[in-house]
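**Student:** build me a structure from this.
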Amino acid sequence: MSNTDAAEAKTIDIPLDILYRIAEIVAQPTGYLHAARRDLKTCCLVNRLFAEVFRPHVFHWTVIPNSTGSGHPLKQLDILTSSPHIGVYLKRLTLMMHDGGDEVVLCAIFDGGFLTSLKSLTILGNHWTSRRIPWSSLSEPFTSSIQRFCSDSQTLRTLNLLRLDGIPASVFAQPALTSICLAASRPIFNFPDPHIAPSRLPLSLNICGVDLSGFQLEDVVKRGRGFFSRVHSLKATTSWRPEPNAAFDKFLSLVAPLSHLESLDVSIFVHPSPTFKGPYPANWIKSLPRVRGLKRLTLSSSSGPEADFISSLPSVIKTMDTSHMEHLSIGILGLKRADLPSICVSCMDWGALDEMLAEKVEQGKLEGLKEVWITIQLGVGESDTELEEPRRLVREAVFLPSLSVGKLVVSFKASAGELLYDSRDHPYERETRLEHRALRQPVK
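**Tutor:** Now for the predicted structure:
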């Protein structure tokens, strides 16, 4: 540190290590990224030492909205291109694309050669609507710059391509990537020669919202054998409707023998079709037994039907290999307040799952199980006021009584995500309720 820096540090009377820690705390967004950036920029104006400490955090996560064709230069783009030394601070970059935007101006970011430390790139199409932006509608110079950067970057490990239509595999099937998210997009699985030696790096793949029913899945997996063999963690959605449900089930059955899946996260939802009234299948992941060595399994229901989902869990889990299972998570999301008592008070639908888990424990097929999580969250539109009664219902419920006290974690969240109850904050309540339950059981 120079004499000037030392003098400035002495003037504000803050040890340098404390100042660095303050910068780390301020940089953590509590919900609104721009608020954190504003505070960081303010700190940069204190003096030169503050600027050196806080500047890396200002640019650590940079969000650039695409221009709308008005011709006005983007401030962030001007800063980055006029001060290329700042590029070393960029670790996460998000581009928000819009219809009619002039994405050509963004090429300077990727062709400038100064993104030498970027670890995560997100390209988000149509942030304000659910309609996907066609990849082919973006300018050729821009898409070529993206593909070239993803292929050549020595530091990029995470690529998120969201709400984009027709993304070619040449963009995301890069051997150096360890996390790929294609949520709500429609990729083109036009993989190159399947005999090319695959990367040895494990891959986390998110295909939530990707409709697999329109693909020739045997051909997709065959040509993408090197790509799918890397998948160690898979996050996906499926539907109660037969067509998309069968497509995901087939996809999993084809990928499972190739990959070394350790983590699987599947959410099932009610397709927004007024003509579909059921029936709801008892086993909606028939291919799960083909997944061997799974350590973490997350099963969630989004916006009902909750009773059918809970009733299906024993059939889904019973025939699968649980010998390596460490974590089991069950999510009931998008719940209506009126349905909460049937989930918590009667707990009738949990009985079969509890018996099945107890049987597997007795057979030694769950020896590695560390935790079972149950997450309940109110749906969008449900009021987040007067929550004392819903909180009490969850708090007093006795879920899966065969599990020991330390293995079950129950959490309850408001529709906005606020945590209303966490059983770990009340470690003795479950033990007391299990004891009372045992005393009420009839003597055999």
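**Student:** which strand residues bridge Ile330?
**Tutor:** Leu299, Ile374 (DSSP bridges).
**Student:** next, count neighbours for it.
**Tutor:** 23 (other Cβ atoms under 10 Å). Using the backbone N, CA and C atoms, a C-beta is placed for each residue, glycine as well.
**Student:** that one and Ser151, how far apart?
**Tutor:** 40 Å (Cβ to Cβ, to the nearest Å).
**Student:** do Ile207 as well
**Tutor:** Counting by Cβ to Cβ, the separation of Ile207 from Ser151 is 22 Å.
**Student:** name the residue in those two with the higher neighbour count.
**Tutor:** Between Ile207 and Ser151, Ile207 has the larger neighbour count (other Cβ under 10 Å), namely 20 against 14.
**Student:** and the pLDDT at the residue lying closest to that one once chain neighbours are set aside?
**Tutor:** Leaving aside its chain neighbours, Ile207 sits nearest to Ala236 (5.0 Å; criterion: Cβ to Cβ, 6 or more residues apart in numbering). For Ala236, the pLDDT comes out at 96.
**Student:** over to Pro274?
**Tutor:** Pro274 is given a pLDDT of 53.
**Student:** in the stretch 251-400 of the chain, which spans are helices?
**Tutor:** Using DSSP state H, counting those that start in this stretch, the helices found in the stretch 251-400 of the chain span residues 306-318, 340-341, 351-362, 388-396.
**Student:** please identify the most buried of these.
**Tutor:** Stretch with highest mean neighbour count among those: helix 306-318 (a mean of 20; mean count of other Cβ atoms under 10 Å).
**Student:** okay, how far is it across stretch 374-388, tip to tip?
**Tutor:** 19 Å (Cα to Cα, to the nearest Å).
**Student:** which of the residues in it are buried?
**Tutor:** Of the residues in stretch 374-388, Ile374, Thr375, Ile376, Gln377, Leu378, Glu382, Leu387 count as buried by neighbour count, 16 or more other Cβ atoms under 10 Å.
**Student:** give me the lowest-pLDDT entry from those residues.
**Tutor:** Within these, Glu382 has the lowest pLDDT, namely 79.
**Student:** is it possible to get JSON lines of the buried residues of stretch 374-388 that adds distance to Met325?
**Tutor:** Listed next are the buried residues of stretch 374-388 as JSON lines, based on distance: Cβ to Cβ, whole Å:
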{"residue": "Ile374", "distance to Met325": "16"}
{"residue": "Thr375", "distance to Met325": "18"}
{"residue": "Ile376", "distance to Met325": "22"}
{"residue": "Gln377", "distance to Met325": "24"}
{"residue": "Leu378", "distance to Met325": "29"}
{"residue": "Glu382", "distance to Met325": "32"}
{"residue": "Leu387", "distance to Met325": "33"}
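**Student:** which one of these is nearest Lys41?
**Tutor:** Gln377 (34.7 Å; Cβ to Cβ).
**Student:** so what's that closest one up against?
**Tutor:** Contact criterion Cβ atoms under 8 Å, 6 or more residues apart in numbering gives Gly331, Ile332, Leu333, Gly334, Leu335, Phe412, Lys413, Ala414, Ser415, Gly417 as the residues in contact with Gln377.
**Student:** of these - the most surrounded one?
**Tutor:** Ranking the contacts of Gln377 using other Cβ under 10 Å puts Phe412 first, with 26 neighbours.
**Student:** where along the stretch 301-444 of the chain do the strands fall?
**Tutor:** 327-335, 371-378, 408-413, 419-422 (DSSP state E, counting those that start in this stretch).
**Student:** now render those strands as TSV, adding distance to Pro242.
**Tutor:** Compiled in TSV, the strands of the stretch 301-444 of the chain are given as follows (distance: least, Cβ to Cβ, whole Å):
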stretch	distance to Pro242
strand 327-335	22
strand 371-378	27
strand 408-413	31
strand 419-422	36
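**Student:** among the ones you listed, which is nearest Asp39?
**Tutor:** Here strand 419-422 is closest among those (Cβ to Cβ), at 24.4 Å.
**Student:** pull out the buried positions in the closest one.
**Tutor:** Leu420, Tyr421.
**Student:** partners of it in the sheet?
**Tutor:** strand 408-413 (antiparallel).
**Student:** tilt between the partner strand and strand 371-378?
**Tutor:** When axes from the mean of the first three to the mean of the last three Cα atoms, to 10 degrees is applied, the directions of strand 408-413 and strand 371-378 differ by 20 degrees.
**Student:** CA-only coordinates of strand 408-413 in PDB, if you can.
**Tutor:** The C-alpha trace of strand 408-413 is given here as PDB (Å, rounded to 0.1, in the frame of the first residue of the first chain):
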ATOM      1  CA  LEU A 408     -36.800 -34.100   9.100                       C
ATOM      2  CA  VAL A 409     -36.800 -30.400   8.300                       C
ATOM      3  CA  VAL A 410     -40.100 -28.600   7.600                       C
ATOM      4  CA  SER A 411     -40.200 -25.100   6.300                       C
ATOM      5  CA  PHE A 412     -43.200 -22.800   5.400                       C
ATOM      6  CA  LYS A 413     -42.900 -19.800   3.100                       C
END
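**Student:** now the angle from that strand to strand 327-335?
**Tutor:** Using the same axes, to 10 degrees: strand 408-413 against strand 327-335 is 20 degrees.
**Student:** tilt between strand 408-413 and helix 388-396?
**Tutor:** 170 degrees.
**Student:** strand 408-413: how far from the chain's middle?
**Tutor:** 19 Å (Cα atoms, centre = their mean, to the nearest Å).
**Student:** and the helices in the stretch 101-250 of the chain, which stretches?
**Tutor:** 107-111, 140-152, 169-172, 217-223, 225-228, 242-255.
**Student:** go through those helices and pick out the most buried.
**Tutor:** Counting by mean count of other Cβ under 10 Å, the most buried of the helices of the stretch 101-250 of the chain turns out to be helix 225-228, with a mean of 22.
**Student:** picking up where we left off before, okay, the helices of the stretch 251-400 of the chain in JSON lines with mean pLDDT and distance to Ser144 next?
**Tutor:** Shown next, in JSON lines, are the helices of the stretch 251-400 of the chain (pLDDT from 0 to 100; distance: least, Cβ to Cβ, whole Å):
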{"stretch": "helix 306-318", "mean pLDDT": "90", "distance to Ser144": "44"}
{"stretch": "helix 340-341", "mean pLDDT": "89", "distance to Ser144": "52"}
{"stretch": "helix 351-362", "mean pLDDT": "91", "distance to Ser144": "51"}
{"stretch": "helix 388-396", "mean pLDDT": "89", "distance to Ser144": "52"}
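**Student:** so which of those helices is nearest Leu403?
**Tutor:** helix 351-362 (6.9 Å).
**Student:** now the angle from the closest one to strand 327-335?
**Tutor:** 170 degrees.
**Student:** name the residues that touch helix 351-362?
**Tutor:** Residues outside helix 351-362 that contact it (Cβ under 8 Å, 6+ apart) are 310-311, 313-314, 317-318, 322, 366, 369, 372, 400-403.
**Student:** put the alpha carbons of that helix into CSV.
**Tutor:** Provided in CSV are the C-alpha atoms of helix 351-362 (Å, rounded to 0.1, in the frame of the first residue of the first chain):
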residue,chain,number,x,y,z
GLY,A,351,-49.2,-42.2,5.8
ALA,A,352,-48.2,-44.4,2.8
LEU,A,353,-45.0,-42.5,2.2
ASP,A,354,-44.1,-42.7,5.9
GLU,A,355,-44.7,-46.5,5.8
MET,A,356,-42.6,-46.9,2.7
LEU,A,357,-39.7,-44.9,4.1
ALA,A,358,-39.8,-46.9,7.3
GLU,A,359,-39.8,-50.2,5.3
LYS,A,360,-36.7,-49.0,3.3
VAL,A,361,-34.9,-48.1,6.5
GLU,A,362,-35.7,-51.4,8.0
